[in-house]
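J.: return a 3D structure for these sequence lines:
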Amino acid sequence: MEKKRLENVLKESEIKYRELFEKASDAIYKLDTEGHFVPGNNAALNILHCKAEHITGSHVSNWLTSESLKLAKEDFKEHFSRKPTKPKACEVVCKNGEHKWVKINSRIVRQNEKITKYRGR
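T.: Predicted coordinates:
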């Protein structure tokens, strides 16, 4: 009986998290350790004028100008060396070809000291 109750609590928690993530007004994105997008939230998709299937699995280099990609690489190196980082202005290239400036605040996610993903908003 206790196991079933805990499963229900966990399920409710996941539903609440998913709803907060999807409905957040700030764009939230995640990259795997190779720089490929894991599904972002709706605000991120709206900025890029795309759907989840357009961005999921694509490399970050497909969505940034070359100058902004250099900034993103520098940001990753700073995180990797555990230096404090500051938000950066990056130019993104939307699915429709439009260019937009966005402020990116990112961090590395670690599990047991191993980098597992790169998360930003």
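
J.: now do the contacts for the spatially most central residue of the chain.
T.: The centre of the chain sits closest to Tyr29, judged by C-alpha atoms, centre = their mean, with a distance of 1.7 Å. Going by C-beta atoms under 8 Å, 6 or more residues apart in numbering, Tyr29 touches 37-38, 40-41, 44, 119-121. All C-beta spots, glycine's among them, are computed from the backbone N, C-alpha and C.

J.: give the next helix or strand downstream of the longest helix along the chain.
T.: The residue-count maximum for a helix in the chain (DSSP state H) belongs to helix 2-23. Reading on from helix 2-23 to the C-terminus, the next helix or strand found by DSSP states H and E is strand 29-31.

J.: what lines up beside the next helix or strand after that following strand in the sheet?
T.: As assigned by DSSP H and E, the chain's next helix or strand after strand 29-31 is strand 37-38. With DSSP bridges as the test, strand 37-38 is paired with strand 29-31 (antiparallel).

J.: tell me the mean pLDDT for the partner strand?
T.: The pLDDT scores in strand 29-31 average 90.

J.: can you check stretch 68-78 too?
T.: Stretch 68-78 comes out at a mean pLDDT of 87.

J.: can you pull the buried residues of it?
T.: 68-69, 71-72, 75-76, 78 (16 or more other C-beta atoms under 10 Å).

J.: show me what Arg107 is bridged to.
T.: Arg119.

J.: roughly how far apart are it and Gly97?
T.: Remark: distance between Arg107 and Gly97 (C-beta to C-beta, to the nearest Å) = 30 Å.

J.: same check, this time on Asn8
T.: 47 Å.

J.: how far does stretch 21-30 sit from its chain's centre?
T.: 8 Å (C-alpha atoms, centre = their mean, to the nearest Å).

J.: go on, stretch 22-33?
T.: Relative to its parent chain, stretch 22-33 has a centroid offset of 4 Å by C-alpha atoms, centre = their mean.

J.: ok, and for it, which residues are buried?
T.: Applying 16+ other C-beta under 10 Å to stretch 22-33 flags 27-31 as buried.
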